[in-house]
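J.: quick one, fold the following:
(2 chains)
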Amino acid sequence: GAVVSQHPSRVICKSGTSVKIECRSLDFQATTMFWYRQFPKQSLMLMATSNEGSKATYEQGVEKDKFLINHASLTLSTLTVTSAHPEDSSFYICSATPGGTGRAPDTQYFGPGTRLTVL
Amino acid sequence: EDQVTQSPEALRLQEGESSSLNCSYTVSGLRGLFWYRQDPGKGPEFLFTLYSAGEEKEKERLKATLTKKESFLHITAPKPEDSATYLCAVQELPNDYKLSFGAGTTVTVRA
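T.: Next comes the predicted model:
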């Protein structure tokens, strides 16, 4: 149980284009989803927190107009990198938390990640 | 000020050589401390959650313990497949389940 998927697993795009990454919780409903980015040999850096039906909360220094997050349902969140540039190249990982009063409500389960390369 | 500090940064072990990883944390109120395993190019895999000092949890060759200031991840008789980066993270009270991660310990187990 507690499986989270991400699509695509890797994407290469040209500078100036937009890229959408999907994150789905496959066997549970996620009240809260998180988006992280990870640079080589570094730990995870939280970008934003999203709750279903609400606007995402962005961490300090993260441009909300560049990284658009939509949490349309309890099983799906999307991250759109708008007008991508080479410095946006990174490993993007989502996670999902069951929340509520169920078993392990506070545990974040992570997706497999998306490798974004902007040329 | 870093909330979570992991040591050592890297650990090279011989197969069967037991060892421990350390995670020191500084928070005003701990909701939970989490251990994850991350393989190269993949997302973190959940291992354990610890909530209170004195708590211990085990899974195969791994055992996690918690005190008021730190957590240890003990690897007993490791195998090459235990090679990975082990991440420690804390959740503070009150929050919306946000995690603050340490930098991780990269473990390499040689056959």
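J.: quick one: residues contacting residue A:107.
T.: A:2, A:97-98, B:34, B:46, B:49 (C-beta atoms under 8 Å, 6 or more residues apart in numbering or on different chains). Placement of C-beta: from N, CA and C, glycine included.
J.: show me the beta-bridge partners of residue A:58.
T.: For residue A:58, the beta-bridge partners under DSSP bridges are residue A:48.
J.: could I get the contacts of residue A:107 in a markdown table, plus columns for pLDDT, distance to residue B:110 and secondary structure?
T.: Formatted as a markdown table, the entries for these read as follows, by pLDDT from 0 to 100; distance: C-beta to C-beta, whole Å; DSSP: H, G, I helix; E, B strand; the rest coil:
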| residue | pLDDT | distance to residue B:110 | secondary structure |
| --- | --- | --- | --- |
| A:2 | 83 | 32 | coil |
| A:97 | 89 | 37 | strand |
| A:98 | 83 | 38 | coil |
| B:34 | 96 | 28 | strand |
| B:46 | 95 | 26 | strand |
| B:49 | 94 | 30 | strand |
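J.: pick out whichever of the residues you listed sits closest to residue A:21.
T.: Of all those, the one sitting nearest residue A:21 is residue A:97; the distance, using C-beta to C-beta, is 18.3 Å.
J.: count the residues that sit near the residue nearest to residue A:62 when sequence neighbours are not counted.
T.: With sequence-adjacent residues excluded and distances taken as C-beta to C-beta, 6 or more residues apart in numbering or on different chains, residue A:62 is closest to residue A:47, at 4.9 Å. Burial of residue A:47 is recorded as 23 neighbouring residues (other C-beta atoms under 10 Å in any protein chain shown).
J.: residue A:47 contacts residue A:57, doesn't it?
T.: No: the pair residue A:47 and residue A:57 does not pass the contact test of C-beta atoms under 8 Å, sitting 10.2 Å apart.
J.: how close does residue B:111 sit to residue B:78?
T.: In this structure, residue B:111 and residue B:78 are 11 Å apart, going by C-beta to C-beta, to the nearest Å.
J.: more crowded one of the two?
T.: Taking neighbours as other C-beta under 10 Å, residue B:111 and residue B:78 compare with residue B:78 leading, 22 against 7.
J.: tell me the secondary structure at the more buried one.
T.: Under the three-state scheme (DSSP: H, G, I helix; E, B strand; the rest coil), the conformation of residue B:78 reads as coil.
J.: just give me the neighbour total for the closest residue to it other than its chain neighbours.
T.: Nearest residue to residue B:78, sequence neighbours excluded (C-beta to C-beta, 6+ apart): residue B:109, at 4.6 Å. Close neighbours of residue B:109, defined as other C-beta under 10 Å, add up to 21.
J.: pLDDT at residue B:109, what is it?
T.: With respect to pLDDT, residue B:109 has a value of 98.
J.: same question, residue A:46
T.: Confidence at residue A:46, expressed as pLDDT, is 94.
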